[in-house]
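1. Kindly generate the corresponding structure for this input.
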Amino acid sequence: MNPVQIIGATDVVDLPDLGWYNVPVRVDSGATTSSIHCSYIRLIKEGEKQLLRFNLDTKKGAPKQSFAVTDFKERIVRNSSGKEELRYVIKTRITIFGKSIRTEFSLANRRKMRYPILLGRKLLKGRFIVDVAQKDLSASHRSNKKIDGKKIKTNIDPGISNIPIQDQL
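-> Down below sits the predicted model:
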C-alpha cells in the first residue's frame, strides 16, 4: 500500500485527457464525488450511440472546445445547498503530486464558485490526508513539460473527443 500524501484545502492539478493544465481546485471532504464546472451539457444521439457533450470553464484557462464522451453515468447527488439533483458523471485522469489518477467527476454548474473543480472523498480516500491549514502543496511535484512555451498533451483518453467550440454551432 502506498503511503498517504498530505493535501491542503486548495491545490493545482492537470486534467491531461481534457488538455486543461494548472487548474485551481478546492478539496472538499464533505463531497462524495469530485465535480468539474461545465456548461452546455447535453445528450446527443449519433446513430445508435448516445454522446454526452460539454464545455469546460474557459474563464479558468480550459481549452476552447467541446468534449464528447460515450462512457458516462447519471447519478443523483446532493449539491452544496443539500438539494438532490441529477448529474452526469464521467471518468478522466487527474494529475496531482506527480501521480496520474483515473477518477469520476460529476459535471456541474460551478460558475459562481471560485474553483472550477472540487475534489471529493472518492478521490481522497486512501490517497490523501487533508490539512486545511495548508494550500497548494503539490507545487514541488509539478512537471512543467513545455514546447515553445506551451504545455504538451500526451495520452489523450480515447473515450473523450474534442470539438472546437466554433465548430458546434
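
2. residue closest to the middle of the protein?
-> Among the residues of the chain, the one closest to the centroid is Ile36, at 4.8 Å (Cα atoms, centre = their mean).

3. need the contact list for it.
-> Ile36 makes contact with Leu15, Leu56, Phe105, Ser106, Leu107, Ala108, Arg110, Pro116, Ile117, Leu118 under the criterion Cβ atoms under 8 Å, 6 or more residues apart in numbering. To be clear about C-beta, it is placed using only N, CA and C from the backbone, and glycine gets the same treatment.

4. A strand includes it, no?
-> Yes: membership of Ile36 in a strand is supported by DSSP: H, G, I helix; E, B strand; the rest coil.

5. show me where the protein has helices.
-> 121-124 (DSSP state H).

6. for it, which spans come out with low pLDDT?
-> By pLDDT under 70, the low-scoring segments of the chain are 1-2, 142-169.

7. all strands of it, in order?
-> 5-7, 10-15, 20-27, 34-46, 49-56, 65-69, 72-78, 84-96, 99-108, 117-119, 128-130, 146-147, 150-151, 160-164 (DSSP state E).

8. Out of these, which is closest to Ala139?
-> strand 10-15 (6.9 Å; Cβ to Cβ).

9. what helices or strands is that closest one leaning on?
-> Secondary-structure packing of strand 10-15 (3 or more Cβ pairs under 8 Å, 6 or more residues apart in numbering; DSSP states H and E): strand 20-27, strand 84-96, strand 117-119.

10. in this protein, what residue sits furthest out from the centroid?
-> Distance-from-mean max, the chain, by Cα atoms, centre = their mean: Gly47 at 28.1 Å.

11. ok, back up a step: of the helices and strands packed on strand 10-15, flag the one that's most buried.
-> For the helices and strands packed on strand 10-15, the largest average neighbour count (mean count of other Cβ atoms under 10 Å) is found in strand 117-119, namely a mean of 25.

12. mind listing what the closest residue to Arg75 other than its chain neighbours touches?
-> In this structure, Arg75 finds its nearest non-sequential neighbour in Val89, 5.1 Å apart by Cβ to Cβ, 6 or more residues apart in numbering. Contacts here follow Cβ under 8 Å, 6+ apart; on that basis Val89 touches Thr33, Phe72, Lys73, Glu74, Arg75, Glu104, Phe105, Ser106, Leu107.

13. If we use 7 Å, what do you get?
-> Contacts for Val89 (Cβ atoms under 7 Å, 6 or more residues apart in numbering) come out as Thr33, Phe72, Lys73, Arg75, Glu104, Phe105, Ser106.
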